[in-house]
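Participant: Let's see this in three dimensions:
(chains A and B)
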There are 2 protein chains.
Amino acid sequence: MRLIQGSITAPKGFKANGEHIGIKNKKKDLAIIYSETPCTYAGAFTQNVVKAAPVLWDQMVLNEGEKVHAIVVNSGNANAATGVQGEKDTEEMASLVAEAFNIDKKQVLVCSTGVIGVDLPMEVLRKGIGPVAVKVSATHEGGEAASDAILTTDLVKKTIALEENINGTTITVGGMGKGSGMIHPNMATMLGFITTDVNITKEMLQKALKKAIDTSFNMITVDGDTSTNDSVLVLANGMAGNPVIDQEGEAFDKFYAALYEVCKYIAISIVKDGEGATKLLEVNLEGVKSFEDGKCIAKSILTSNLVKTAFFGEDANWGRIFCAMGYSGISFDPAKVDISIESIAGNVAMLKQGLPVKFSEEKAKEVLEENEIKILVTMGEGKESVTAWGCDLSYDYVKINGDYRS
Amino acid sequence: MRLIQGSITAPKGFKANGEHIGIKNKKKDLAIIYSETPCTYAGAFTQNVVKAAPVLWDQMVLNEGEKVHAIVVNSGNANAATGVQGEKDTEEMASLVAEAFNIDKKQVLVCSTGVIGVDLPMEVLRKGIGPVAVKVSATHEGGEAASDAILTTDLVKKTIALEENINGTTITVGGMGKGSGMIHPNMATMLGFITTDVNITKEMLQKALKKAIDTSFNMITVDGDTSTNDSVLVLANGMAGNPVIDQEGEAFDKFYAALYEVCKYIAISIVKDGEGATKLLEVNLEGVKSFEDGKCIAKSILTSNLVKTAFFGEDANWGRIFCAMGYSGISFDPAKVDISIESIAGNVAMLKQGLPVKFSEEKAKEVLEENEIKILVTMGEGKESVTAWGCDLSYDYVKINGDYRS
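Facilitator: Numbering: from 1, shown residues only, chains lettered A, B, ... in the order given. As a prediction, the model looks like this:
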């Protein structure tokens, strides 16, 4: 596997563009991804009971099994809690893109992110979509423009591309993501778009995506809020020309590994760019009974405001970590728990077998001053291990979310 | 029912004192409550897997069914995650109080609140407990001193006393509480102490307490963190002289009503004093399928950092409320949901049957500028209604918890 320059336009046959059409005040607000040939498509969506209209559309397309040609994404408006009108507007967005490329509307996926409960400005979209579609490009710049246009409170673009060799054929996986607040995917407005030229069946693509998401996007949290719009979409157009991947085996494993790396990169990028975040926190749990138990405990630690503010304050307050584990709802023996913290500045053990360890506050401070910190926990309950990512809670989180809408 | 001056020393036969003995830097840090006659005792405790030593002690006393004479509480140190040494220290605290009053150590309940994972300074407690015990007093001031000594990051005392007439006999219920951070009881370090001179059996006292807690302490949240030490203890010494309450009926109902008011008052006082809180939020859910469903949805709203920061910012962001309901884990039909906000400045409808309502932003701002705000939700799913309380999330929450320990 090899990291290469670029993002969603790196795989063969994919074009993209992103521009400002007038949904937001000045920033780019519309992105289109287009594949020269129809794509096998897999998707994963928010578990929120309140689902935005575009999520319903993309799920319908997934269930009806159509090949997909394009994705259109607007930022600045989530088209959520907009009822029947919202569903009509999503369908019209798909139609506008379909017209531009002379394809069927059911070959167009739609994503929206932004404020909830406001109807889409359809006049703006009717005028804007065509001109953006005309200028999709297979260049690096096309991908960059699209990845800019999907952002809301994000501070940085999240893009990546990888190459892998499968039995002599080079395949490429490219990805872009957005998300910064309302992140606790299962899924959030977290959006992930992955393109690949691998030749793979829909069934195997969906299988690879589900597996990759369970240990990447679904293991991150910024604020515990699962949005109405979270979606991760993968398009595979087969233009790499490898023999079709239609079962598990070496070729599937290699593609999966590349897909997982792209998912994990985007997921961690989202956490790093978490609203107001100053530190990336990684929880490593060893010796848990099951993956589900571990996920629950890890997320309990990473969603605790007391844990998050302690890391913001660079305070070695392991008691809050231990406490958050205890109220996760998972039973365990506290007397078997070890906790340490680690960063490039070193490792400091804080709890052994449920009892505090005397440690150097100075050393702990050094470890905590770094931007990326690991919380290492051994449970002594079983053989599973689980990794999850989150971030600290800062003044800026409160500032950003105290006046987002107004 | 009548509100009277005073707190835990208002019921007949109860004395209290609180002083600084040296656990904390300068503030009062030890409280003792003492009843002239042995008391029937009921208690409710944290559901955290990691339980502090005093919680284990008080549960043991509850299970072994001893009458109780006294409660000792220290602030500044939670005696949690302190292993066997912590259990020995709790037992010694009970013994020290028992010696002072010439009672059995199993007649003494112990509570601790403060930092986790540090052994209690037993030298300080050995010297300090006796002199504080000697000066317990039945005066209003005795109760005030005790209610001061149990505080940690709290800004205000939380005390109340009520009188009720049961078949011609006046009974009194007094209470004090503490808690400000790590509040998401089921139970948190939230402590509640209730004294009463009512004559009641242990079984009926426990029944009344459980019922009162389910709809008061267990319906509040400050930060979603359930601590290792949460306890609510009720002592009833029978000195009011009413015929013993040993079954349900009018007398039980009247006592229950007074107990509930005391619990609710302390619970809401804790939320109002939530770390950094500027607003009290009350969620009223109507038309839910079951109490448990409603509790889950209400707490999902009140623990959402996005909802909490929106209220801090006085932003009418109903989308975040709707979204938090959607990821609560409870299924419901979004198209049946109404949401409005209310304060003494008026009521503003924001969502009707799942769709946004046009409202005056000016009016909404007026409603949101108040310190106490209700979030009114009708679900259209069933006949239960549920009320829960929480608070907003401010810069000060981050400040307080970014440097609590250091």
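Participant: give the contact list for residue A:27.
Facilitator: A:20, A:75, A:148, A:151 (CB atoms under 8 Å, 6 or more residues apart in numbering or on different chains). Every C-beta, even on glycine, is put in place using the N, C-alpha and C of the backbone.
Participant: Please flag which of those residues sit within strands.
Facilitator: The strands, defined by DSSP state E, take in residue A:75 from the contacts of residue A:27.
Participant: Centroid-nearest residue for chain A?
Facilitator: residue A:267 (4.3 Å; CA atoms, centre = their mean).
Participant: Lowest-confidence member of the contacts of residue A:27, which is it?
Facilitator: For the contacts of residue A:27, the weakest pLDDT value sits at residue A:151, with 87.
Participant: Pop out the phi and psi values for that residue.
Facilitator: phi -80, psi 150 (degrees, to the nearest 10).
Participant: That one and chain B, how far apart?
Facilitator: Using CB to the nearest CB, to the nearest Å, one gets 18 Å for the distance from residue A:151 to chain B.
Participant: how many other residues sit next to that residue?
Facilitator: 27 (other CB atoms under 10 Å in any protein chain shown).
Participant: Touching, it and residue A:157? I think so.
Facilitator: Yes: counting by CB atoms under 8 Å, residue A:151 touches residue A:157, with 7.0 Å between them.
Participant: ok, back up a step: give the helix, strand or coil label for the residue nearest to the centre of chain A.
Facilitator: Three-state assignment for residue A:267 (DSSP: H, G, I helix; E, B strand; the rest coil): helix.
Participant: for it, what are its contacts?
Facilitator: Per CB under 8 Å, 6+ apart, neighbours of residue A:267: A:177, A:192, A:216-217, A:219-220, A:389.
Participant: Around chain B, pick out the residues from the stretch 1-150 of chain A.
Facilitator: With CB under 8 Å from any CB of the partner chain as the criterion, the stretch 1-150 of chain A meets chain B at residues A:47-51, A:78, A:80-83, A:115-118.
Participant: Any chance of the residues you listed in TSV with distance to residue A:141 and neighbour count as columns?
Facilitator: Shown next, in TSV, are the residues of the stretch 1-150 of chain A next to chain B (distance: CB to CB, whole Å; neighbours: other CB atoms under 10 Å in any protein chain shown):
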residue	distance to residue A:141	neighbour count
A:47	36	16
A:48	35	27
A:49	40	20
A:50	37	25
A:51	34	20
A:78	27	30
A:80	31	30
A:81	35	26
A:82	33	24
A:83	38	16
A:115	29	15
A:116	32	26
A:117	35	25
A:118	31	18
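Participant: So which of these belong to strands?
Facilitator: Going by DSSP E, the strands hold residue A:115 from the residues of the stretch 1-150 of chain A next to chain B.
Participant: Give me the distance between the residue lying closest to the residue nearest to the centre of chain A once chain neighbours are set aside and residue B:69.
Facilitator: Leaving out its chain neighbours, the residue that sits closest to residue A:267 by CB to CB, 6 or more residues apart in numbering or on different chains is residue A:216, at 4.4 Å. Distance from residue A:216 to residue B:69, counting by CB to CB, to the nearest Å: 58 Å.
Participant: now residue A:36
Facilitator: 84 Å.
Participant: Compare these two (neighbour count), which wins?
Facilitator: residue B:69 (25 against 13).
Participant: which strands and helices sit next to the helix or strand where residue A:141 lies?
Facilitator: Following DSSP states H and E, one finds residue A:141 within helix A:140-149. If you count contacts as 3 or more CB pairs under 8 Å, 6 or more residues apart in numbering or on different chains; DSSP states H and E, helix A:140-149 packs onto strand A:14-19, strand A:30-45, strand A:68-77, strand A:158-166, strand A:169-178.
Participant: try 10 Å this time
Facilitator: The helices and strands touching helix A:140-149, judged by 3 or more CB pairs under 10 Å, 6 or more residues apart in numbering or on different chains; DSSP states H and E, are strand A:14-19, strand A:30-45, strand A:68-77, helix A:122-134, strand A:158-166, strand A:169-178, strand A:191-196.
Participant: What are the buried residues along the longest one?
Facilitator: Right, strand A:30-45. A:30-35, A:38-45 (16 or more other CB atoms under 10 Å in any protein chain shown).
Participant: can you redo the residues you listed as TSV with pLDDT and distance to residue B:399?
Facilitator: Shown next, in TSV, are these (pLDDT from 0 to 100; distance: CB to CB, whole Å):
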residue	pLDDT	distance to residue B:399
A:30	98	40
A:31	97	39
A:32	98	44
A:33	97	43
A:34	97	49
A:35	97	50
A:38	96	55
A:39	97	50
A:40	96	51
A:41	96	47
A:42	94	45
A:43	93	42
A:44	90	38
A:45	89	38
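Participant: Please parse chain A into its domains.
Facilitator: A:2-272, A:280-402 (automatic domain parsing).
Participant: Take the ones you listed and write them to JSON lines, including distance to residue B:90.
Facilitator: Formatted as JSON lines, those follow (distance: least, CB to CB, whole Å):
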{"stretch": "domain A:2-272", "distance to residue B:90": "34"}
{"stretch": "domain A:280-402", "distance to residue B:90": "16"}
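Participant: and the residue of the stretch 101-250 of chain A nearest chain B?
Facilitator: Closest approach between the stretch 101-250 of chain A and chain B, counting by CB to the nearest CB: residue A:116, at 2.9 Å.
Participant: tell me the contacts of that residue?
Facilitator: A:50, A:52, A:77-82, A:182, A:189, A:227-229, A:405, B:317-323, B:356 (CB atoms under 10 Å, 6 or more residues apart in numbering or on different chains).
Participant: swap in residue A:215?
Facilitator: A:260, A:263-264, A:267, A:291, A:295, A:386-388.
Participant: Have a look at these and tell me the least confident one.
Facilitator: Minimum confidence in these sits at residue A:267, scoring 89.
Participant: could you give me the average pLDDT of stretch A:211-221?
Facilitator: 87.
Participant: Quick check: end-to-end length of it?
Facilitator: Using CA to CA, to the nearest Å, the end-to-end distance of stretch A:211-221 comes to 18 Å.
Participant: which SS class is residue A:339?
Facilitator: strand.
Participant: ok, how many other residues are close to the closest residue to it other than its chain neighbours?
Facilitator: With sequence-adjacent residues excluded and distances taken as CB to CB, 6+ apart, residue A:339 is closest to residue A:351, at 4.0 Å. Using other CB under 10 Å, the number of residues around residue A:351 comes to 22.
Participant: next one: the one 10 residues further on
Facilitator: By the other CB under 10 Å criterion, the neighbourhood of residue A:361 contains 11 residues.
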